[in-house]
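Participant: I'd like to go over a predicted model; first the sequence, then the structure.
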Amino acid sequence: MAQTTVKQLASEVGIPVERLLSRLAEAGVSASSEDDSIGDEDKLKLLRHLRGGDGGKSGGKLGARRSNVSLRRRSTSELKVDTGRGGSSGRTVSVEVRKRRTYANRSQSGEEEAQPAPEPEVEHDTAEDQARAAAQAEADAAERARREEAERLEAEEKRKREEAEQAAAEERARRQAEIDAQRAAQEQADREAMDKERAKRGVHVDDARSRAQENLRRAAESHGRTEEDEKREQDREQGRRKELHVAEGKQGRRKGKKKRGGRGRQVSVATEHSFERPTAPVVRDVEIPETITVADLAQRMAVKGGDLLKRMMKLGVMATINQTVDQETATILVEEMGHNPKLVKTASAEEALVEEVRNEEEQVEGVPRAPVVTIMGHVDHGKTSLLDYIRRTKVQAGEAGGITQHIGAYHVTHDKGAITFIDTPGHAAFTRMRARGAEITDIAILIVAADDGVMPQTKESIQHARAAGVPIVVAVTKMDIPSADIEKVKAGLSAENIIPEDWGGDVQVVPVSSQTGEGIDNLLDAVLLQAEVSEFSAPVDVPARGTVIESSLEKGRGPVATILVKAGTLKRGDSILAGPHFGRVRAMFNELGEQVKSAGPSIPVEVLGLSGTPEAGDDAFVVANEKRAREIAEQREEHQRENKLAQQQAARLEEVFSAIGENGPAESKDLNLLVKGDVQGSVEALVESLGKIPSEEVKIRIISSGVGGISESDVELAMASQAIILGFNVRADAKARKTIQESGVDVRYYSVIYEAIQDVTDAVSGLLGTELREEIIGLAEVRDVFRSSKLGAIAGCLVADGNVVRGQPIRVLRDNVVVYEGELESLRRHKDDVNRVPAGTECGIGVKNYNDIKPGDQIEVYERTEVQRTVDTAETA
Ligand SMILES: Nc1nc2c(ncn2[C@@H]2O[C@H](COP(=O)(O)OP(=O)(O)OP(=O)(O)O)[C@@H](O)[C@H]2O)c(=O)[nH]1
């Protein structure tokens, strides 16, 4: 470093020479005149002295005042930026850099002070300061040069980076344009496909959608939100969903390894995969079976179950994730979520099988087959005796002289042909089979005891056979009894519209005796004649199909099912599907317990080899292989589980008219009614009035009518015939009530004929006005009757159901028929007057103006309310 003189230094730092000399002297630098030269070492000495550092004390001249020094440096440089637009046309930007640097005084231990100094500028009020500043300035000069070089390099680097980014942006824009074009083309194609699909499904889906949208609108209103809010919400959700997807035409980030080399392009590829926004929603084709769980549906649409539930709530459907929804609901949901619903049938494998069987049967000529007969009639009129007699005498005993076994059905061979008898007599069993969808009976033998004539169950049997459209042959039993009066029987039958042939009708009436065997052959002839008229036939050389009559699990034999073959031939070794069970026919037995190798149409056989016990009424099919049988069996099991509730959908009065809308106005619908009343007069009046109700769209059919309480058999008939029960002054008995509850059959009680007529009229004309509905709030059973001079007859009762409430209207029921309607006059518990008595409690009831109450009667307490009819909220009365 160059030497300076004291004078030069004094003028540099701006202090008088004398003052500098004295400071130099204090610092121990030998300089006495202004021309003495001062080296770098001397300057440092001076500096150290001025900082007070040489003494090792912090109390130096400047150090006592301040410990930090801040310097500001200002530098200006020029930066050339390439805008990239014109390639060569650049822009020059002036960059002014202001830097502040803080120098910290070193502490005694040599540790550096880390604290930056506050703002005040350096003060050059003393020569020492100026000398120190000058020294510092020189030291900084080198530093500055170095920094400027660094800045220049930095600017250069920045410019290069900007150029690279610019190139990447251009590349992105170009690709985006390509993607947009592709997407527009795809959307157009999707729109066209959806339009086609909608057109295919037509009005039905539009209706469903408009219903759903109506629900949506209502839900929105109820939340105080407008449709626009909903739309926005939908759009937001749609947007969220879009974000989940990768842009069309792009590869996933993991695919396509980066190429080495070509640095500029490499940058562009990396950014594209990381930050590209997705461009189009994925529209999926969603397969919808007849029923589907919410979870499964969500999975098929690749959305979260919770999101789907939320959407369902908005549409007014409250569900849980594991709940099953029907096909229509699922279709609406899929459309709402922006996907394409594709309806599929769960039973497709089974339907394919049925179709296959039908095709095969059609190609083979039918051969006359034995009629299948069920015996029906009033209790104790001789059903079992007749069945037994025929079995005993007519079933061909085998070589071993075998004893007939009970296998649920048997067949007899008569001179003119064979007949198969169902071994479970009675119209109840017959109708129960029908309710399960099994129509196995071809002819009904109606038995009427010659000494008793037509009785209530005779009439019921007639109605059940008629409701099923099964021809009737009458057997007048017990003809050996002296009091037998066949003419009386014929008269009774005529009254029921069963006109015997010799009375000019078309029903064969055969007198028989199960004691003497009189007339049995005639009866069988009559049945075969009727069969001939009806021309029952079935193909023989095809795989078998039939119906399960009964089944059980037997020790040592496993599941055993009696199958009545309806068509084709069942052979040992066949793979068979029966209800939800399958298996290979291991062995077959006839009604004599003999092994058989095959069984043709109308032949009942016991089958061993099934995987489980199917229910009576289940159908049975021979399938090409066991694997297929198993597949369908599994499907059936699942179907059965899912449709347990939906399976037996009972008809409801409120839905009569709406059902027409579903089938189209051109298709008229039957309204089947079952009428029960307290007396013949009221039943007749009701039936007649119902017959006069004018309706074009709905045909009213009275499938059965009668006097007396509603029995289990009535409910089963209503179930099998999809009928509604109208009870006029009658109630359902305990067993029937249970069946009503299980089956959901619509039962309506009336005590005014006009009201019943009005309800049916409204239903067939599609009106949903108000209705006076009665709610039975309590039922008490009369245990004993006491006489009181003041109050008259007091019924000692046990409340069986609900509550008995004072002041409410009541009815007295005897054998489920209303015998009195009135008011509850007094209600006592022990000796106290009470207002309400709950179920399970004893009480005393006085009925106003009625003294004829008897033990065994029932007292029904009810409430009448006027309710608005709705299709959805129909209740079982
Ligand atoms: N004398 C005579 N008695 C008969 C005849 N048929 C049945 N009986 C008698 O009538 C009674 C009832 O006969 P069932 O065959 O049990 O009558 P059912 O209709 O099957 O009766 P349920 O099984 O209770 O429905 C029995 O005591 C029989 O012996 C007949 O042709 N002549």
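Facilitator: Yep, it's here.
Participant: ok, how many other residues are close to G807?
Facilitator: Counted with other Cβ atoms under 10 Å, residues neighbouring G807 total 11. In short, each C-beta sits where N, CA and C put it, glycine included.
Participant: got the contact list for it?
Facilitator: The contact partners of G807, by Cβ atoms under 8 Å, 6 or more residues apart in numbering, come to L824, N835.
Participant: quick check, it in a strand?
Facilitator: No - going by DSSP: H, G, I helix; E, B strand; the rest coil, the assignment for G807 is coil, not a strand.
Participant: mind starting the numbering at 17 from now?
Facilitator: That works, and once the first residue is 17, the last one we named lands at G823.
Participant: Against A816, how distant is it?
Facilitator: In this view, G823 and A816 are 20 Å apart by Cβ to Cβ, to the nearest Å.
Participant: got a list of what L586 touches?
Facilitator: Contacts of L586 (Cβ under 8 Å, 6+ apart): A560, G562, I579, I592, V601, M604, S614, A615, V621, V623, V638.
Participant: Now distance to Y426, pLDDT and neighbour count too, for those, in JSON lines please.
Facilitator: Formatted as JSON lines, these follow (distance: Cβ to Cβ, whole Å; pLDDT from 0 to 100; neighbours: other Cβ atoms under 10 Å):
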{"residue": "A560", "distance to Y426": "19", "pLDDT": "91", "neighbour count": "26"}
{"residue": "G562", "distance to Y426": "15", "pLDDT": "93", "neighbour count": "30"}
{"residue": "I579", "distance to Y426": "14", "pLDDT": "94", "neighbour count": "32"}
{"residue": "I592", "distance to Y426": "21", "pLDDT": "90", "neighbour count": "27"}
{"residue": "V601", "distance to Y426": "20", "pLDDT": "92", "neighbour count": "23"}
{"residue": "M604", "distance to Y426": "15", "pLDDT": "94", "neighbour count": "22"}
{"residue": "S614", "distance to Y426": "17", "pLDDT": "93", "neighbour count": "16"}
{"residue": "A615", "distance to Y426": "13", "pLDDT": "93", "neighbour count": "26"}
{"residue": "V621", "distance to Y426": "11", "pLDDT": "94", "neighbour count": "26"}
{"residue": "V623", "distance to Y426": "16", "pLDDT": "94", "neighbour count": "27"}
{"residue": "V638", "distance to Y426": "22", "pLDDT": "89", "neighbour count": "22"}
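Participant: so which of those are also by the ligand?
Facilitator: Counting by Cβ under 6 Å from any ligand atom, nothing from the contacts of L586 sits close to the ligand.
Participant: Looking at those residues, which are in strands?
Facilitator: Members of the contacts of L586 lying in strands (criterion: DSSP state E): G562, I579, I592, V601, M604, S614, A615, V621, V623, V638.
Participant: now stretch 520-538: how far from the chain's centre is it?
Facilitator: When C-alpha coordinates are averaged (Cα atoms, centre = their mean, to the nearest Å), stretch 520-538 and its chain have centres 55 Å apart.
Participant: For the protein, which residues are neighbours of the ligand?
Facilitator: So the chain meets the ligand at 393, 395-401, 493-494, 496-497, 529-531 (Cβ under 6 Å from any ligand atom).
Participant: Check the gap between Q152 and G856 for me.
Facilitator: For Q152 relative to G856 (Cβ to Cβ), the value is 107 Å.
Participant: Doesn't E154 belong to a helix?
Facilitator: Yes - membership of E154 in a helix is supported by three-state DSSP.
Participant: what's the spacing between it and the ligand?
Facilitator: Using Cβ to the nearest ligand atom, to the nearest Å, one gets 131 Å for the distance from E154 to the ligand.
Participant: Helices along the stretch 417-566 of the chain, start to end?
Facilitator: Under the criterion DSSP state H, counting those that start in this stretch, helices of the stretch 417-566 of the chain are mapped to 443-451, 472-484, 502-511, 536-550.
Participant: a markdown table for the ones you listed, including mean neighbour count and mean pLDDT?
Facilitator: Below are those laid out as a markdown table (neighbours: other Cβ atoms under 10 Å; pLDDT from 0 to 100):
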| stretch | mean neighbour count | mean pLDDT |
| --- | --- | --- |
| helix 443-451 | 22 | 82 |
| helix 472-484 | 22 | 89 |
| helix 502-511 | 17 | 94 |
| helix 536-550 | 19 | 93 |
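Participant: Got the phi and psi for G55?
Facilitator: Dihedral angles of G55 (phi, psi; degrees, to the nearest 10) stand at phi -90, psi 180.
Participant: so how far is the ligand from the closest residue in space to it that isn't next to it in sequence?
Facilitator: Take G55 and drop its neighbours on the chain: the residue closest to it by Cβ to Cβ, 6 or more residues apart in numbering is Q19, 5.4 Å away. Distance, Q19 to the ligand, by Cβ to the nearest ligand atom: 144 Å.
Participant: Could you pull up the residues touching Q19?
Facilitator: Q19 neighbours (Cβ under 8 Å, 6+ apart): S53, I54, G55.
Participant: One more: L545?
Facilitator: Contacts of L545 by Cβ under 8 Å, 6+ apart are Q524.
Participant: and with 10 Å instead?
Facilitator: Contacts for L545 (Cβ atoms under 10 Å, 6 or more residues apart in numbering) come out as K432, G433, V489, Q524.
Participant: surely I719 meets Q738?
Facilitator: Yes - I719 sits in contact with Q738 when judged by Cβ atoms under 10 Å, with a separation of 9.4 Å.
Participant: what residues are shared contacts of those two?
Facilitator: Joint contacts of I719 and Q738 (Cβ under 10 Å, 6+ apart) are D686, N688.
Participant: more crowded one of these two?
Facilitator: Neighbour count, other Cβ under 10 Å: between I719 and Q738, I719 has more, with 20 against 16.
Participant: how far away is that one from Q204?
Facilitator: 57 Å.
Participant: same question, E610
Facilitator: Distance check for E610 against Q204: by Cβ to Cβ, it reads 73 Å.
Participant: out of the two, which sits in the more crowded spot?
Facilitator: Comparing E610 with Q204 by other Cβ under 10 Å, the one with more neighbours is E610, at 13 against 10.
Participant: Before we move on, what's the pLDDT of the more buried one?
Facilitator: For E610, the model assigns a pLDDT of 86.
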